[in-house]
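> Below are the sequence and a predicted model; questions follow.
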Amino acid sequence: MNGTKDIVLPKFYPKQLAFLEAKGARNCYGGAAGGGKSFVARWLLILQAYKYAGINILMLRRTFPELSENHIKQLIQILNCKNPSKSERLAEYKADQKVFIFPNGSRIKMGYCKNEDDVYQYQGQEYDVIFMEEATQFTETQYIYLTSRNRLSSEKMKEYGFKPRMYFTCNPGGVGHAWVKRLFIDREYTPTENPEDYTMIYAQVTDNKFIMENNKDYVNNLMNLPEDQKKALLYGDWDVFSGRFFTEFSIETHVIEAFPIPKGWRIYRTRDYGLDRTAVLWIARDFEGNSYVYREFGESNLVVSEAGKKINELTEKWEDIYMDIAPPDLYNKNSQTGRSAADIFREKCGHYLTKASNDRVQGWLTMKEMFKLESINGEEPKPKLFIFKNCTELIKCIPLLRFDESNPNDVAKEPHNITHMPDALRYYCISWTYEPIENPSKKNRKDTLPFELRDDDAEEEKYISWD
């Protein structure tokens, strides 16, 4: 077979066969624990190497110990790499290069990306096939960079009519949960992504006949997991997963239908700003101290004045903003102009911002308290924080936030793209725990603000007490 020796194939289950036969640009297998992911991953590598002489394959796990224990040892055994007779070896393993070399010239490079920048070790290299095992353990930045390495490595591959492709296995959870879920579960694509390129083959432990017949304790162990972990690992539920920070949050409880905001409720506006994303929330607080997030705005690549203008356009005239909350980094002065983003928001857009505390731990814990169900005077338990259904980005991001591995009281900062809206909400929540650093008086605002742009110098700020 293309210069290689014959090899005895195992019996594959139907879903494993479907994965082995998948030839799309992006092919994913899994969704729950016990579906035979690592097993089929190894054989996919071998079969690709056998079928296409000279193919260049990159196999990745997050760490090298994982790669060694889950694949290298098994591949060495399957391919008879340690046989003293070279003629009896199906492939040669060069440990110093971490590469399997087949008699037909095919190569399987075994790699890992423990740190964010580890992907750059593959800069300048070309791989016909890239396999990301346990893809949810990789960041989206790593995935995007690796797609640039996925291209034909030789003229010979063109002769086969081979098209570059990537393969993935995964379970719910991990730092890459959000991007894997978007592409293969929710199937939400950008204009540059072709939906036809993405194939998802769902597999659960019930698809693995060997485990079901020979290791029923494994299934029982999954059944005995805490409810969220059981839903993720046993049933492949991507809306709950191990490591989720806001276990208190439930769409059924906290997400409600929109309603007109009653007169007299205090209106707050809170933001997280950066060129990568402007995230703004409008929040109403009722007379009992309940908070309702009723509008959101999110857009990327906006300079401060553009962001302020769009915020003003979305703020209606009946909304008398009681407090406009912003993170401390907006007050950092530019070394050349001597002005901060907060200065520009005030001078150009009429936003008199209140600086929130950036105590991340206290902010997230306060947010958890507001999501927590609590009974008052024997009434039915309910939270103090609700979100209108139209705030889709915030609703989508909160369940994806996971614990920081180095500090379980903090939210992981990666993937960064899902943290903007929750950060804006955190600045609001922390404002009920700490006295704000500054709180400009409404007496100094023009009657038309914040609904018109302003170019004249801002008046001196005064302060009011925090209630």
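Everything's here; your move.
> Validate this expectation: Tyr235 resides in a strand.
No. According to DSSP: H, G, I helix; E, B strand; the rest coil, the state of Tyr235 is coil, so it is not within a strand.
> neighbours around the nearest residue to it once chain neighbours are set aside, how many?
Here the nearest residue to Tyr235 in space, its sequence neighbours aside, is Ala32; by CB to CB, 6 or more residues apart in numbering that works out to 6.2 Å. Yep, even glycine has a C-beta here, placed from its N, CA and C like the rest. For Ala32, the count of nearby residues is 24 (other CB atoms under 10 Å).
> Go ahead and list the helix or strand containing Gly298.
Taking DSSP states H and E as the criterion, Gly298 maps to strand 291-299.
> Check the contact between Phe138 and Phe131; I expect there is one.
No. Counting by CB atoms under 8 Å, Phe138 stays clear of Phe131, with 11.7 Å between them.
> Quick check: neighbours shared by these two?
With contacts taken as CB atoms under 8 Å, 6 or more residues apart in numbering, Phe138 and Phe131 have Leu60 as neighbours in common.
> Helices of the stretch 351-467 of the chain, start to end?
Counting by DSSP state H, counting those that start in this stretch, one finds helices in the stretch 351-467 of the chain at the ranges 360-371, 392-397, 420-430.
> hmm, I was thinking of the stretch 1-150 of the chain
Taking DSSP H, counting those that start in this stretch as the criterion, the stretch 1-150 of the chain carries its helices at 14-20, 37-51, 64-67, 73-78, 140-147.
> Comparing these, which comes out most buried?
Comparing those by mean neighbour count (mean count of other CB atoms under 10 Å), helix 37-51 comes out on top with a mean of 21.
> how's this protein carved up into domains?
Residue ranges for each domain of the chain read 14-233, 251-444, as given by automatic domain parsing.
> can you redo those domains as CSV with distance to Val8 and mean pLDDT?
Formatted as CSV, the entries for the domains of the chain read as follows, by distance: least, CB to CB, whole Å; pLDDT from 0 to 100:
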stretch, distance to Val8, mean pLDDT
domain 14-233, 10, 90
domain 251-444, 42, 90
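> Reformat those into CSV and put distance to Asp6 next to each item.
Rendered in CSV, the data for the domains of the chain read as follows (distance: least, CB to CB, whole Å):
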stretch, distance to Asp6
domain 14-233, 9
domain 251-444, 45
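> So which of the helices of the stretch 351-467 of the chain is nearest Lys11?
Go through those one by one with CB to CB and the one that ends up closest to Lys11 is helix 392-397, at 40.7 Å.
> of the domains of the chain, which approaches Asp239 most closely?
With distances scored as CB to CB, the stretch of those nearest to Asp239 is domain 251-444 (6.3 Å).
> Tell me the buried residues in stretch 283-296?
If you call a residue buried by 16 or more other CB atoms under 10 Å, then stretch 283-296 has these buried ones: 283-285, 291-296.
> Which of those residues sits closest to Ile101?
Nearest to Ile101 among these, counting by CB to CB, is Glu296 at 53.3 Å.
> and the closest one, what are its bridge partners?
Leu281 (DSSP bridges).
> is it true that it touches Leu281?
Yes. Taking contact to mean CB under 8 Å, the distance of 5.4 Å between Glu296 and Leu281 places them in contact.
> Spit out the residues that contact the two alike.
Taking CB under 8 Å, 6+ apart as the contact rule, the neighbours common to Glu296 and Leu281 are 391, 394, 421.
> Pipe those into JSON lines and attach neighbour count and distance to Lys114 per row.
Compiled in JSON lines, these are given as follows (neighbours: other CB atoms under 10 Å; distance: CB to CB, whole Å):
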{"residue": "Cys391", "neighbour count": "22", "distance to Lys114": "36"}
{"residue": "Leu394", "neighbour count": "21", "distance to Lys114": "32"}
{"residue": "Met421", "neighbour count": "25", "distance to Lys114": "29"}
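> The stretch 351-467 of the chain: strands as residue ranges?
Assigned strands in the stretch 351-467 of the chain, in chain order: 353-355, 385-388, 403-404, 407-411 (criterion: DSSP state E, counting those that start in this stretch).
> JSON lines for those strands, including distance to Glu69 and mean neighbour count?
Formatted as JSON lines, the entries for those read as follows, by distance: least, CB to CB, whole Å; neighbours: other CB atoms under 10 Å:
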{"stretch": "strand 353-355", "distance to Glu69": "49", "mean neighbour count": "22"}
{"stretch": "strand 385-388", "distance to Glu69": "43", "mean neighbour count": "22"}
{"stretch": "strand 403-404", "distance to Glu69": "24", "mean neighbour count": "16"}
{"stretch": "strand 407-411", "distance to Glu69": "26", "mean neighbour count": "14"}
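> Between the ones you listed, which one is closest to Arg107.
Distances from Arg107 to each of the strands of the stretch 351-467 of the chain were compared using CB to CB; the shortest belongs to strand 403-404, at 37.6 Å.
> Show residues contacting the closest one.
Under the criterion CB under 8 Å, 6+ apart, external residues in contact with strand 403-404 comprise 243, 245, 410-413.
> quick check, nearest of these to Ser305?
Of the contacts of strand 403-404, the one sitting nearest to Ser305 (CB to CB) turns out to be Lys413, at 27.4 Å.
> Next, count neighbours for the residue lying closest to that closest one once chain neighbours are set aside.
Leaving aside its chain neighbours, Lys413 sits nearest to Thr419 (6.4 Å; criterion: CB to CB, 6+ apart). Other residues near Thr419 come to 20 when the count uses other CB under 10 Å.
> got it, and the one 3 residues further on?
Residues lying near Pro422 (other CB under 10 Å) number 24.
> isn't it right up against Lys413?
No. At 11.2 Å, Pro422 and Lys413 do not qualify as touching, with contact defined as CB under 8 Å.
> I'd like to know how far Ile72 sits from Tyr52.
22 Å (CB to CB, to the nearest Å).
> er, Arg151 I mean
Counting by CB to CB, the gap from Arg151 to Tyr52 is 15 Å.
> try Gly378
Applying CB to CB, one obtains 70 Å for the distance of Gly378 from Tyr52.
> Which one's more surrounded, those two?
Here Gly378 and Tyr52 are set side by side on neighbour count (other CB under 10 Å), and the busier one is Tyr52, at 21 against 5.
> Double-check the more buried one against Ile108; I have them as touching.
No. With contact taken as CB under 8 Å, Tyr52 and Ile108 are classed as non-touching, separated by 11.8 Å.
> Any idea which residue is closest to the centre of this structure?
For the chain, the residue lying nearest the average C-alpha position, counting by CA atoms, centre = their mean, turns out to be Ala178 (3.1 Å).
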